[in-house]
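K.L.:
could you work out the structure for the sequence below:
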Amino acid sequence: MRTLSVLVEDFPIRGVFRISRGAKTVARVVTVTISQNGVTGRGEGVPYARYGESVASVCAQIEQTRGLVEAGMDVKELQLALPAGAARNALDCALWDLAARCTGRGIAASVGLTAPLLPVVTAYTLSLDTPERMEAMARRHAELPMLKVKLGGVGDLERVEAVRAAAPSARLIADANESWTPEQLRELAPPLRELGVELIEQPLPAAADGFLASYKSPVPLAADESCRDVTTLKDVVGKYAFATIKLDKTGGLTEALRLESAARRAGLKTMTGCMVATSLSMAPGVVLAQRTDVVHLDGPLLLARDRDPSLRYVGAVANPADGGVWAR
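P.N.:
Below you'll find the model as predicted:
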């Protein structure tokens, strides 16, 4: 017999996490636990307001599947039962965790990897703020290998200049979260390249990124909000160089792996992304990150406290799950 439980949990953020669309001080997550014959699998989803999700809607979607899950539904059947999003992500990752623990095969073998999971180096996020405050944040983290700089429009060049002055050796990613216009992209991309920015993530609103089909950017562009799952890939090719893959967008590890493979076949590079969340969200992300070119899995590093047990971070290095917070 299987049992399914759903829990809403709050994890305080260290300070304020701010992007162009708003700010928050708490990471509210939906945790799914599936138990079977004394073995337990867990998954975590973060409701994504950008796609119309809320804690209530995600919990309601999960409850809709209770009968199927408790009757033995697997990850393949789950893809047909729910759309992409945080609810499916929490269930999908819980089912992967449960299967790995029940079979003893381990996650790497279960997803078809021929080698054990390796540690990955993650970018670290600097929240959107004044240039002065972002400079101070960058100085505190200047020893990290890659910084992801949140931007929001007016004053963005000054923000990146300040970060670069404080962290001269760090690799930089700029993330505008849909806040720029085509004119701002034309204006900002050349000086950002001169400042060493290697990637600009989602500069334009997803609904208005058609301009990118005829624009040759001096800095590679990554599709985040424009790239949700495999069905959206057709709208990414020809506009972006990278596909940013987040499990809360794809609806779990199953679709994330499919999307990564499809993006590769389409000639795109890939980036593993994350929401601000706990190690339970990052652990399946580390699996995906074995295959991607860039990794952004710093969620727990932004929290005042993580789960216990949790993933082990050493600076910017995220180690794979060891069977504590998620299956090894």
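K.L.:
what strand or helix carries the residue nearest the centre of the chain?
P.N.:
Against the mean C-alpha coordinate of the chain, by C-alpha atoms, centre = their mean, the closest residue is Cys274 at 1.7 Å. According to DSSP states H and E, Cys274 maps onto no helix or strand at all.
K.L.:
could you pull out the strands in the stretch 201-328 of the chain for me?
P.N.:
All strands of the stretch 201-328 of the chain, identified by DSSP state E, counting those that start in this stretch, fall at 221-223, 242-245, 269-272, 294-295, 313-314, 317-318.
K.L.:
would you list those in JSON lines and tack on mean neighbour count?
P.N.:
The C-beta positions use only the backbone N, C-alpha and C, and glycine is treated the same way. Below are the strands of the stretch 201-328 of the chain laid out as JSON lines (neighbours: other C-beta atoms under 10 Å):
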{"stretch": "strand 221-223", "mean neighbour count": "26"}
{"stretch": "strand 242-245", "mean neighbour count": "26"}
{"stretch": "strand 269-272", "mean neighbour count": "24"}
{"stretch": "strand 294-295", "mean neighbour count": "24"}
{"stretch": "strand 313-314", "mean neighbour count": "13"}
{"stretch": "strand 317-318", "mean neighbour count": "19"}
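K.L.:
tell me which of those strands sits nearest to Val55.
P.N.:
strand 242-245 (23.3 Å; C-beta to C-beta).
K.L.:
just checking, what packs against the closest one?
P.N.:
Strand 242-245 is packed against strand 197-201, strand 221-223, helix 253-265, strand 269-272, with contacts defined by 3 or more C-beta pairs under 8 Å, 6 or more residues apart in numbering; DSSP states H and E.
K.L.:
give me whichever of the ones you listed is most buried.
P.N.:
Sort those by mean neighbour count, taking mean count of other C-beta atoms under 10 Å, and strand 221-223 sits at the top with a mean of 26.
K.L.:
identify the residues contacting that one?
P.N.:
For strand 221-223, contacts defined as C-beta atoms under 8 Å, 6 or more residues apart in numbering pick out 199-203, 209, 212, 236, 239-244, 271.
K.L.:
do that again at 7 Å, thanks
P.N.:
199-203, 212, 236, 240-244, 271 (C-beta atoms under 7 Å, 6 or more residues apart in numbering).
K.L.:
ok, Glu9 - how many residues close by?
P.N.:
For Glu9, the neighbour count with other C-beta atoms under 10 Å is 13.
K.L.:
meant to ask about Met134, not that
P.N.:
Met134, neighbours per other C-beta under 10 Å, totals 25.
K.L.:
CA atoms only: put the helix or strand encompassing it into CSV for me.
P.N.:
Element membership of Met134 [criterion: DSSP H and E] is helix 131-140. Extracted as CSV, the C-alpha positions of helix 131-140 are listed here (Å, rounded to 0.1, in the frame of the first residue of the first chain):
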residue,chain,number,x,y,z
PRO,A,131,24.6,49.5,-7.5
GLU,A,132,26.2,50.3,-4.1
ARG,A,133,24.4,47.4,-2.4
MET,A,134,25.1,45.0,-5.2
GLU,A,135,28.8,46.0,-5.1
ALA,A,136,28.9,45.2,-1.4
MET,A,137,27.2,41.8,-2.0
ALA,A,138,29.7,41.0,-4.8
ARG,A,139,32.6,41.9,-2.6
ARG,A,140,31.4,39.5,0.1
